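J.: Quick one: sequence and predicted model below, then my questions.
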Amino acid sequence: MLRFVRHEAAATCSPEQFSRFGLIFRRTQCDGGFLSITRKGWMVIAANAALAAGVVLAAYVLPKGSYVVVVTAPWQGSHAVNVISKAGGSLVSSGRYDWIAVAHSDEQDFPVRLMKNGAVAVLDHTLAYGCLKRNS
């Protein structure tokens, strides 16, 4: 039986550790032989969950079409409009921040050219609604 509970072993218990599927389990003699996941095992689970979430997030935010959100560094003072024009694209919309804008280009390497010209991030345009909405 596998239980995911944290317990403190008594001083007379002798824990036995073993590994299955990359997780480290601990079995103690005093708790009837039940298994529990060690701290390192929980760290492996957390790292795998973070990696899976990162892959899903990357698939969602990567540019998929000719419209992209361009994010430049706000502390450098380079406006997104300047980066878009240097990369050969056209400005579609800008919002409350100078360093975030939506751009368009039919060229396949447009996101790469934006990054080479100073963009910090180039994201899918579906993320632009919240960033570009002006305060009323």
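T.: That came through, no problem.
J.: Report the contact partners of residue 54.
T.: The contact partners of residue 54, taken as Cβ atoms under 8 Å, 6 or more residues apart in numbering, number zero. Quick note: C-beta positions are derived from backbone N, CA and C, even for glycine.
J.: secondary structure class for it?
T.: helix (DSSP: H, G, I helix; E, B strand; the rest coil).
J.: cool, and residue 103?
T.: Of the three states, residue 103 takes strand under three-state DSSP.
J.: distance of it from residue 125?
T.: According to Cβ to Cβ, to the nearest Å, residue 103 and residue 125 sit 9 Å apart.
J.: In terms of neighbours, single out the busier of these two.
T.: Counted by other Cβ atoms under 10 Å, residue 103 and residue 125 do not tie: residue 103 has more neighbours, with 29 against 20.
J.: List the beta-bridge partners for the more buried one.
T.: On the basis of DSSP bridges, residue 103 takes part in beta bridges with residue 68, residue 91.
J.: Could you tell me how far it is located from residue 44?
T.: Look at residue 103 and residue 44: by Cβ to Cβ, they are 41 Å apart.
J.: Next, find the distance separating the residue nearest to residue 123 when sequence neighbours are not counted from residue 88.
T.: Spatial nearest neighbour of residue 123, excluding adjacent residues (Cβ to Cβ, 6 or more residues apart in numbering): residue 69 at 4.4 Å. As for residue 69, its distance to residue 88 is 17 Å (criterion: Cβ to Cβ).
J.: Please say which of the two ends up with more neighbours.
T.: Set side by side, residue 69 and residue 88 show more neighbours around residue 69, with 25 against 14, by other Cβ under 10 Å.
J.: Residue 112 versus residue 41, what's the distance?
T.: Applying Cβ to Cβ, the value for residue 41 to residue 112 is 41 Å.
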